[in-house]
Every structure is written in C-alpha cells, then in structure tokens.
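Novice: any chance you can model this:
(one chain, ligands or ions: 1)
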Amino acid sequence: VFAHLVQAPEDPILGVTVAYNKDPSPIKLNLGVGAYRTEEGKPLVLNVVRKAEQQLINDKSRIKEYLPIAGLVEFNKLSAKLILGADSPAIRENRITTVECLSGTGSLRVGGEFLAKHYHQKTIYITQPTWGNHPKIFTLAGLTVKTYRYYDPSTRGLNFQGLMEDLGAAPPGAIVLLHACAHNPTGVDPTIQQWEQIRQLMRSKGLMPFFDSAYQGFASGSLDTDAKPIRMFVADGGECLVAQSYAKNMGLYGERVGALSIVCKSADVAGKVESQLKLVIRPMYSSPPIHGASIVAVILRDRNLFNEWTLELKAMADRIISMRKQLFEALRSRGTPGDWSHIIKQIGMFTFTGLNPAQVSFMTKEYHIYMTSDGRISMAGLSSKTVPHLADAIHAVVTK
Ligand code: LMR
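Specialist: A predicted model of the protein is given here:
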C-alpha cells in the first residue's frame with residue numbers, strides 16, 4: 001500500500017551530516033549542523049553535566065515514574081527564572097506558565113498549536129531567511145506562515161527598515177517569531193536600540209511576540225545579555241511566548257530538553273493557559289522525558305554548579321568568537337577578494353558567508369567541506385587546525 005510513495009529528500013540541515021558521514025575523505029569537515037565541537041573536533045559533554053548526572057545516579061530515591069503532563073515542576077520554575085531573570089515582574093506576580101517540552105522544536109510546536117487553537121490571529125510572521133524548520137513547524141501546527149524582511153545581502157547585516165515596514169504592515173494581533181539572540185542562519189541581531197523600536201511598534205499594533213531562544217549564553221557568553229530582548233518585552237507588562245532550548249548552551253542536544261513559557265496578564269489567565277497547554281501535550285507525546293530536565297534542574301538549583309556552567313558556556317562562546325577571528329585573518333592573509341568583515345561582526349554559532357549554492361557545492365566536491373546550501377557555516381564545527389583548509393576552499397571558490 002505504500003508502493004506509490006516517492007522518496008522524500010533529506011532534511012536540508014540534518015541531511016548535511018548524512019552526506020558527510022558517507023564521505024570517506026580524511027580531510028572532510030562538517031560545518032552543517034549547529035552542534036558544538038572541541039578544538040579536536042569532538043562533541044563536548046560539559047563537566048557540570050557529568051557532575052549532575054553523577055548526583056542523579058547516586059540518589060537512590062530517584063524513580064522512573066511518568067512526569068506530569070507539563071513536565072518537571074522544578075525545571076519549569078528554574079527555566080522561567082533563567083530566561084526572564086530572578087526579579088522578573090511576571091514571575092513575582094505568578095502570571096507565567098512554563099511547560100517542559102522536547103527542546104526548542106517541541107516548545108515551538110506546542111506553542112504553535114496552542115495559538116492555532118486559542119488565539120484569534122492565525123498568521124505568524126517569520127524572518128526572511130530563518131531556520132529551515134520554522135515554517136514547517138508552524139504550518140503543521142495549524143498557523144499560516146508569512147515572512148518579514150530581515151537580512152540585507154548587500155551589507156550582510158540587518159535590513160532594519162524592511163523589518164519595520166513589514167511588521168508595520170502586518171495585520172493587528174499577528175504573531176511574530178523573534179530570534180532572541182544569535183539569529184539562525186544569519187548571525188545578525190538587532191541592536192538594543194533597534195529591539196526597543198521593534199518592541200514599541202509591536203506593542204502599538206498588538207502583535208504577539210513569540211521568542212525562539214535557542215542560544216542563551218552562546219552569543220555573547222552572558223546569559224543575561226542574551227536574554228535582554230525578551231526581558232524588555234516582559235518588562236512592559238504585555239504578553240509573549242518563549243521557547244527555550246538547552247541543546248546548545250548545556251550541550252544536551254540528544255536529551256531533547258526545552259521549555260515553553262507563556263507570559264500572561266494575570267495569574268488567573270496563566271492557570272487557564274496551562275490547563276489548555278496540557279490538552280495540547282497529552283495527545284502529542286503524553287508527558288516529557290525525565291532525564292534531561294533533571295540534569296538541568298540539578299545545575300540551575302546549585303549555585304556552584306551554576307557558576308561552573310557559566311564558565312564552561314563562556315569558554316564555548318569564546319572559542320567560537322576566536323574561530324571567527326582566525327577565519328577572517330586567514331582570508332585576509334590569502335588576499336581573498338571581497339569584504340569578509342561580516343565573519344567577525346555576526347554572532348552566535350553561524351556565519352552566513354554569502355556563498356551561493358553553486359559555490360557551496362564546489363567546496364563540498366573539491367574540498368570535502370559540508371555546509372547548508374545557503375552558505376551558512378557552523379563556526380562551532382571549526383578548529384584552529386581546520387581554519388586554513390576552509391580558507392583555502394573559500395579563496396579557491398571566489399577566485400575561480
Ligand atoms: C541547526 O540549525 O543546525 C540546529 O538548530 C540543529 C537543527 O535541528 O537544525
């Protein structure tokens with residue numbers, strides 16, 4: 001009965017790893033998926049994560065019962081505090097509801113379905129370009145997806161005027177997806193002054209902010225700095241949604257641990273929202289997994305582990321920033337034509353190089369360098385050893 005099916009294409013991001021794994025070349029380099037690698041090119045399990053897991057193993061009172069539908073209560077509280085700040089008015093006034101979800105994707109999907117069921121506007125605006133999974137998540141959640149201008153290829157920076165025009169022309173009440181920091185795939189973020197203008201415009205039109213926070217601490221190295229745009233929106237007393245992921249900042253990729261928070265106008269409304277979120281979650285996956293959320297809770301509740309985490313996080317962010325400098329210098333020393341200063345201006349895990357699909361495919365074929373076809377490279381996958389190889393490839397493709 002399934003014989004009529006056509007072979008589906010690989011995922012544009014995760015498929016890059018599939019192709020990389022098939023390549024026997026010893027010089028191959030995977031700059032596709034946004035996953036941190038050490039200088040030795042190895043995945044990293046943070047020390048604090050190992051310590052937290054040890055604590056969990058030593059605690060013989062731990063059981064494997066189902067979590068409640070909304071997940072681990074302590075994890076939810078600590079996650080809200082991490083993203084909104086301990087002194088957040090929304091937390092103080094108890095008008096926030098947080099549910100544990102399956103990493104960033106799961107949080108976006110649950111939030112999307114909740115909005116499709118209960119919010120009067122069914123259109124969500126996403127940045128052009130954006131993470132390839134965003135349009136799929138929200139379409140399948142039952143929302144209509146439209147885009148707003150964001151990136152200017154001529155400056156390789158923000159198209160702020162286009163952004164303001166498009167949000168200004170959006171219908172009142174529309175949902176707007178905002179990348180909290182380290183925009184994926186461009187690495188281009190608004191300044192704090194621009195965020196303030198975006199906030200004023202959105203609040204004046206009643207647009208609903210839905211933040212995707214996949215890189216808190218990864219962009220600047222500071223958890224508070226990277227959460228600032230979200231906190232500005234919460235400080236004005238209005239509503240918003242926030243999807244949090246612990247994949248990158250705690251290196252918990254495969255644990256699938258994240259949270260969806262919805263900031264409401266009152267505690268009473270927040271309680272009702274939570275009851276409805278449970279109705280979205282129960283038929284989808286019943287309740288979330290326990291292990292990843294327990295690791296996060298151990299780290300966030302313990303001052304020493306928390307401090308140690310911030311140091312490890314900063315070290316990852318700093319290594320990425322250092323890769324940016326090294327790649328920029330390597331191109332400069334080769335005299336590669338073009339302005340490559342965006343490599344050091346963009347922030348977070350990715351550089352949006354400006355290379356086109358044909359150039360990307362040349363680099364993969366001739367240099368065994370793997371990246372998404374839009375020219376995005378994961379800086380976290382680079383090391384001092386591999387920078388010259390990448391610089392040689394970029395130089396070759398732009399001088400060809
Ligand atoms: C990425 O953009 O590479 C990451 O967010 C991983 C993913 O799931 O696509």
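Novice: and the longest helix for this protein?
Specialist: Criterion DSSP state H: the longest helix present in the chain is helix 303-334.
Novice: pull out the buried positions in that helix.
Specialist: Going by neighbour count (16 or more other C-beta atoms under 10 Å), the buried part of helix 303-334 is 305-306, 308-310, 312-314, 316-317, 319-321, 323-324, 326-328, 330-331. To be clear about C-beta, it is placed using only N, CA and C from the backbone, and glycine gets the same treatment.
Novice: interface residues of this structure facing the ligand?
Specialist: Residues of the chain lying near the ligand by C-beta under 6 Å from any ligand atom: 13, 33-34, 131, 133, 184.
Novice: list just the nearest of the residues you listed to residue 46.
Specialist: residue 34 (16.6 Å; C-beta to C-beta).
Novice: for the residue of the chain at minimum distance from the ligand, which non-adjacent residue is spatially closest?
Specialist: For the chain, the residue closest to the ligand is residue 34, as judged by C-beta to the nearest ligand atom, at 3.4 Å. Closest residue to residue 34 apart from its sequence neighbours, by C-beta to C-beta, 6 or more residues apart in numbering: residue 349 at 4.6 Å.
Novice: one step back: make CSV out of the residues of the chain next to the ligand and add secondary structure, neighbour count and pLDDT.
Specialist: Formatted as CSV, those follow (DSSP: H, G, I helix; E, B strand; the rest coil; neighbours: other C-beta atoms under 10 Å; pLDDT from 0 to 100):
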residue, secondary structure, neighbour count, pLDDT
13, coil, 20, 93
33, coil, 20, 92
34, coil, 26, 90
131, coil, 24, 96
133, helix, 17, 97
184, coil, 24, 96
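Novice: helix or strand: which one has residue 63?
Specialist: Assigned by DSSP states H and E, residue 63 falls within no helix or strand.
Novice: got phi/psi on it?
Specialist: Backbone torsions for residue 63, taken as degrees, to the nearest 10, come to phi -120, psi 170.
Novice: how many neighbours does it have?
Specialist: Residues within reach of residue 63, counting by other C-beta atoms under 10 Å, total 6.
Novice: summarise which helices and strands the longest helix of the chain is packed against.
Specialist: Applying 3 or more C-beta pairs under 8 Å, 6 or more residues apart in numbering; DSSP states H and E, one finds that helix 303-334 contacts helix 47-58, helix 291-301, helix 342-345, helix 387-399.
Novice: hmm, 10 Å instead?
Specialist: On a contact count with 3 or more C-beta pairs under 10 Å, 6 or more residues apart in numbering; DSSP states H and E, helix 303-334 meets helix 47-58, helix 223-235, helix 291-301, helix 342-345, strand 350-352, strand 376-378, helix 387-399.
Novice: contact partners of the next helix or strand after the fifth one?
Specialist: Toward the C-terminal end, the helix or strand that comes next after strand 350-352 (DSSP H and E) is helix 357-367. Judged by C-beta atoms under 10 Å, 6 or more residues apart in numbering, the contacts made with helix 357-367 from elsewhere in the structure are 16, 19-20, 23, 25, 27-29, 31-32, 353, 355-356, 369-377, 389-390, 392-394, 396-398, 400.
Novice: among those, which ones are buried?
Specialist: Neighbour-count burial (16+ other C-beta under 10 Å) applied to those gives 16, 20, 28-29, 31-32, 353, 355, 369-377, 389-390, 392-394, 396-398.
Novice: so who does residue 245 touch?
Specialist: 101-108, 212-216, 252-253, 256-259.
Novice: quick one: which of those residues sit in helices?
Specialist: 103-108.
Novice: please parse this structure into its domains.
Specialist: 14-44+318-399, 66-301 (automatic domain parsing).
Novice: figure out which of those is closest to residue 4.
Specialist: domain 66-301 (22.1 Å).
Novice: centre of the chain to the closest one, how far?
Specialist: 10 Å (C-alpha atoms, centre = their mean, to the nearest Å).
Novice: tell me the contacts of the residue nearest the centre of the chain?
Specialist: Per C-alpha atoms, centre = their mean, the C-alpha nearest to the average position across the chain is that of residue 214, at 2.6 Å. Contacts for residue 214 (C-beta under 10 Å, 6+ apart) come out as 34, 103-105, 107-108, 131, 179-182, 184, 243-249, 258, 348-349.
Novice: quick one, phi psi at it?
Specialist: According to degrees, to the nearest 10, residue 214 has phi -100, psi -10.
Novice: relative to residue 248, how far out is it?
Specialist: Using C-beta to C-beta, to the nearest Å, residue 214 is found at 6 Å from residue 248.
Novice: which neighbours do the two share?
Specialist: 34, 103-104, 182, 348-349.
Novice: retrieve the pLDDT associated with the closest residue in space to residue 387 that isn't next to it in sequence.
Specialist: Nearest residue to residue 387, sequence neighbours excluded (C-beta to C-beta, 6+ apart): residue 326, at 4.7 Å. On pLDDT, residue 326 comes in at 98.
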